[in-house]
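Novice: Pasted the sequence and its predicted model underneath.
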Amino acid sequence: QVQLVESGGGLVQVGGSLRLSCAASGRIFSIDRMGWYRQAPGKQRELVAARSSGDSPVYADFVKGRFTIATDYAKNTVNLQMNSLKPEDTAVYYCNIAGTRQRMGASRSAFDSWGQGTQVAVSP
């Protein structure tokens, strides 16, 4: 099992900043992709930002220029720096990490893990 632990959510005023962090633990052999998603009440979960190993990050249009994703493949961590927050950014934010884990012996298998979610609330 690969487990993800998130931290950093909270309440902030419009225009403020927050930094979300996510760390993966377990028998990780390699990581292919790390990203952040969010889900607002009554809406579907949507991509915020993601980065595949060796590629440039991708951002949803609604966060371009405001949010920055930072991945560390050596430490198995992914952070999301959120600036110029707006009320519409209010949601539960989830980190997602996919890759290959080491199983018992020499076998390996794919994993696709999600964090527990952290609430971000932006007040007008």
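Specialist: Arrived safely.
Novice: distance of the residue lying farthest from the centre of the chain from A91?
Specialist: Most distant from the centre of the chain: G105, at 30.3 Å, with distances by CA atoms, centre = their mean. Applying CB to CB, to the nearest Å, the value for G105 to A91 is 41 Å. C-beta: built from backbone N, CA, C; applies to glycine.
Novice: before we move on, back to that, residue contacts, the residue farthest from the centre of the chain?
Specialist: If a contact means CB atoms under 8 Å, 6 or more residues apart in numbering, then G105 has no contacts.
Novice: Look at it and give its secondary structure.
Specialist: Local secondary structure at G105 is given as coil here, using DSSP: H, G, I helix; E, B strand; the rest coil.
Novice: Could you report the pLDDT at it?
Specialist: G105 carries a pLDDT score of 83 in this model.
Novice: what's the spacing between it and Q3?
Specialist: 21 Å.
Novice: S123 - nearest residue in space that isn't next to it in sequence?
Specialist: The spatially closest residue to S123, leaving aside those adjacent along the chain, is Q13, at 5.4 Å (CB to CB, 6 or more residues apart in numbering).
Novice: Give the burial count for the one you found, as a bare number.
Specialist: Around Q13 there are 10 other residues, counting by other CB atoms under 10 Å.
Novice: From D32, how far off is it?
Specialist: Using CB to CB, one obtains 37 Å as the distance from Q13 to D32.
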